[in-house]
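Q: I need the structure of the sequence given here:
(one chain, ligands or ions: 1)
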Amino acid sequence: MSIQSDEKERICAYAGCARTFEGRKDKIYCSDQCRNAAGRNKKKVARWEEPEHFGQINRIIMRNYQILKRLYNETGTPLKNWQLSDEGFEFKFMTGIYRVDEGIDIFMCYEYGWYQLPDNKVRIYIVPPLFLTGMATVTNRTK
Ligand SMILES: [Zn+2]
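A: Residues are numbered from 1 along each chain as shown. The predicted model follows:
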């Protein structure tokens, strides 16, 4: 059996250094510079690393988009809400609201959107992306 010592050769925990050094057991960086550099990196990761739920929400919105695209018909025939739900559509997830008129809001998933009609029916619309981003506006709307 060997005698345990508090002084032990270790490897600097800062990946950019990884030098071996001697020091106290609780010391994980070889120097203050390395400790600071590691701290800065950790902050960067916290700021830029996308949280897991971003991906989950994005996937729901993408699925909604694909369902709207698939079920869209040019005649504007209304669909039943369950026809969307059965495909996995989530009515609470959207990318924005496109206001056609006072009280007429289309819930958008990118350029496809749905308008809620009475009796649990919906009508699917396409709104050109330029309108969504406000880079173009409707000028000659007919009543
Ligand atoms: Zn170091």
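Q: export stretch 118-127 to CSV, keeping only CA atoms.
A: Coordinates of each C-alpha in stretch 118-127 appear next as CSV, following Å, rounded to 0.1, in the frame of the first residue of the first chain:
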residue,chain,number,x,y,z
PRO,A,118,-67.5,27.6,-36.7
ASP,A,119,-68.4,24.0,-36.0
ASN,A,120,-64.8,22.8,-35.6
LYS,A,121,-63.9,23.4,-39.2
VAL,A,122,-60.8,25.1,-40.6
ARG,A,123,-59.8,26.6,-43.9
ILE,A,124,-56.2,26.4,-45.0
TYR,A,125,-54.5,29.4,-46.6
ILE,A,126,-51.2,30.2,-48.2
VAL,A,127,-49.8,33.6,-47.4
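Q: burial measure for the closest residue to W82 other than its chain neighbours, as a count.
A: Counting by C-beta to C-beta, 6 or more residues apart in numbering, N120 is the residue found nearest to W82 once chain neighbours are left out, at 7.4 Å. Every C-beta, even on glycine, is put in place using the N, C-alpha and C of the backbone. Using other C-beta atoms under 10 Å, N120 has 12 neighbouring residues.
Q: pretty sure N120 contacts N81?
A: Yes - contact criterion C-beta atoms under 8 Å: N120 and N81 qualify, at 4.4 Å.
Q: and the pLDDT for the most centrally placed residue in the chain?
A: Nearest to the geometric centre of the chain sits F54, at 3.3 Å (C-alpha atoms, centre = their mean). For F54, the pLDDT comes out at 86.
Q: wasn't it part of a helix?
A: Yes - secondary structure assignment (DSSP: H, G, I helix; E, B strand; the rest coil) places F54 inside a helix.
Q: so how far is the ion from it?
A: In this view, F54 and the ion are 33 Å apart by C-beta to the ion, to the nearest Å.
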